[in-house]
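Colleague: Let's see this in three dimensions:
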Amino acid sequence: MWETLTASWASLLEPLHDPVALAIPAFLLFLALEWAAARTLEHVEPGADGHTRPPRGGYEARDARTSISMGLVSIGTSAAWKVLALVGYSAIWVYLAPWHLPANAWYTWVILLLGIDLLYYWYHRTAHRVRLVWATHQAHHSSEYFNFATALRQKWNNSGEILMWLPLPFLGIPPWMVFVGFSVSLVYQFFVHTERVGTLPRPVEFVFNTPSHHRVHHGCDPEYLDRNYGGILIIWDRLFGTFRRETHRPTYGLTKPVGTYNIWRLQTHEYQAIARDWRAAARLRDKLGYTFGPPGWAPRDVAPMPDFATRVAGKSQAG
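Modeller: This next block holds a predicted model:
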């Protein structure tokens, strides 16, 4: 009995070549290439509406440093979350999974990647519709630039995704494969954060998340809010009614900018806002609404705040 259990746990801890770690040289190469291509555009010019906005595909030194710094910290925080997740996933896989899928079978990898992508869609959609989860995700949307550096502007709290993946070890997928699948998704999504790629051939645009689709997701224009949550595949958005085609260049960032390059404030300011609203609310239902309602929620007798979250909520309710 003990030998069997020990062997099962040992199989969970086999050496893992993290695709994200292996892809770091490629990240740096593409970031450098994009930066070089954008050097002549690193000045801000007024748009047709008279407002200044970042140049197409451009870089701003402070913004890029902020994104890269947040990404470096996220390497450590995500590793810590994975250690905690391994304990839970392993217990589910060992004691609760009705079967164990073989790691060397092609269908296991198909189930894994489709499962990761579908669950990511619903986590991502939840992150934009539940304020407490939005607080973990909004930092990624805080840049007014859209480039490969923006892809590195990652959250430090991965608890939502960790919980969302619980069905995978229950289906018999080895825990280490869950982490590989998530890393594959992250690597893919790095490459959709660019303005240097227009639209791809129609079959690709129909099935996969592309730079064009993801630019829409990062736009804070009313017509682009609450759209294109897909990670690798865009078919989930088409199936569940959240797809939007890119019709014009988006305006990136939060509708109400945080106005700082301080990475701690960027990560925590929405939690602080929730705490302020919680303390100010007199009724329990209002406290719960401020925490678990859609971003920008407010009691009917209180005018909602005119921030990015409010516009997201308003757009969603409008259909």
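
Colleague: I'd guessed Ser183 sits against Val20; true?
Modeller: Yes: at 4.6 Å, Ser183 counts as touching Val20 under the criterion of C-beta atoms under 8 Å. Bear in mind the C-beta positions are built from the backbone N, C-alpha and C, glycine included.

Colleague: quick one: which of these two has more around it?
Modeller: Neighbours per residue (other C-beta atoms under 10 Å) separate Ser183 from Val20, with Ser183 holding more: 21 against 18.

Colleague: The more buried one should be in a helix, yeah?
Modeller: Yes: assessed with DSSP: H, G, I helix; E, B strand; the rest coil, Ser183 lies in a helix.

Colleague: quick one: it and Ile116, what's the gap?
Modeller: Per C-beta to C-beta, to the nearest Å, Ser183 is found 10 Å from Ile116.

Colleague: need the strands for this protein, in chain order.
Modeller: 45-46, 52-53 (DSSP state E).

Colleague: any idea of the pLDDT on Tyr188?
Modeller: On the pLDDT scale, Tyr188 is placed at 96.

Colleague: The one 4 residues further on too?
Modeller: At Val192, the model reports a pLDDT of 97.

Colleague: and it, what is it in contact with?
Modeller: Taking C-beta atoms under 8 Å, 6 or more residues apart in numbering, we find Val192 in contact with Ala151, Asn209, Thr210, Pro211, His213, His214.

Colleague: if we go to 7 Å?
Modeller: Asn209, Thr210, Pro211, His214 (C-beta atoms under 7 Å, 6 or more residues apart in numbering).

Colleague: Any figure for the gap between it and Pro102?
Modeller: From Val192 to Pro102 the distance is 32 Å (C-beta to C-beta).

Colleague: low pLDDT regions in the stretch 201-319 of the chain?
Modeller: 302-319 (pLDDT under 70).

Colleague: With adjacent residues omitted, what lies nearest to Arg227?
Modeller: Arg244 (3.7 Å; C-beta to C-beta, 6 or more residues apart in numbering).

Colleague: Can you get me a residue count around that neighbour?
Modeller: Under the criterion other C-beta under 10 Å, the count of neighbours that Arg244 has is 16.

Colleague: Quick check: chain neighbours aside, which residue is closest to Tyr229?
Modeller: Residue nearest to Tyr229 in three dimensions, not counting chain neighbours: His124, with 4.2 Å by C-beta to C-beta, 6+ apart.

Colleague: what's the answer for Ile68, then?
Modeller: Leu152 (5.5 Å).

Colleague: Need the phi and psi values for that neighbour.
Modeller: Main-chain torsions, Leu152, degrees, to the nearest 10: phi -80, psi -10.

Colleague: Am I right that it is in contact with Leu72?
Modeller: No: between Leu152 and Leu72 there is no contact under C-beta atoms under 7 Å: 8.1 Å.

Colleague: which one of those two has more residues nearby?
Modeller: Of the pair Leu152 and Leu72, Leu152 is the one with more neighbours under other C-beta under 10 Å, namely 22 against 12.

Colleague: List the contacts of the more buried one.
Modeller: Counting by C-beta under 7 Å, 6+ apart, Leu152 has contacts Ser67, Ile68, Met70, Gly71.

Colleague: Now, these that are in helices?
Modeller: Within the contacts of Leu152, residues falling in helices by DSSP state H are Ser67, Ile68, Met70, Gly71.

Colleague: how far away is Gly58 from Leu33?
Modeller: Taking C-beta to C-beta, one finds Gly58 at 14 Å from Leu33.

Colleague: Among the contacts of Val192, give me the pair with the biggest separation.
Modeller: With C-beta to C-beta as the measure, no two of the contacts of Val192 lie farther apart than Asn209 and Pro211, at 8.8 Å.

Colleague: neighbour count winner among the two?
Modeller: The neighbour comparison of Asn209 against Pro211 (other C-beta under 10 Å) goes to Asn209, with 27 against 19.

Colleague: Out of the ones in helices among the contacts of Leu152, which is nearest to Trp134?
Modeller: Closest approach to Trp134 among the ones in helices among the contacts of Leu152 (C-beta to C-beta): Met70, at 16.7 Å.

Colleague: list the contacts for that closest one?
Modeller: Ala139, Leu152, Arg153, Gln154, Ile263.

Colleague: May I see the PyMOL selection of the buried members of those residues?
Modeller: Buried members of the contacts of Met70, defined by 16 or more other C-beta atoms under 10 Å, are picked up in PyMOL with:
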select buried, resi 139+152+153+154+263
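
Colleague: can I get the contacts of Met70 in CSV with distance to Glu223?
Modeller: Output for the contacts of Met70, formatted as CSV (distance: C-beta to C-beta, whole Å):
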residue, distance to Glu223
Ala139, 24
Leu152, 27
Arg153, 24
Gln154, 27
Ile263, 31
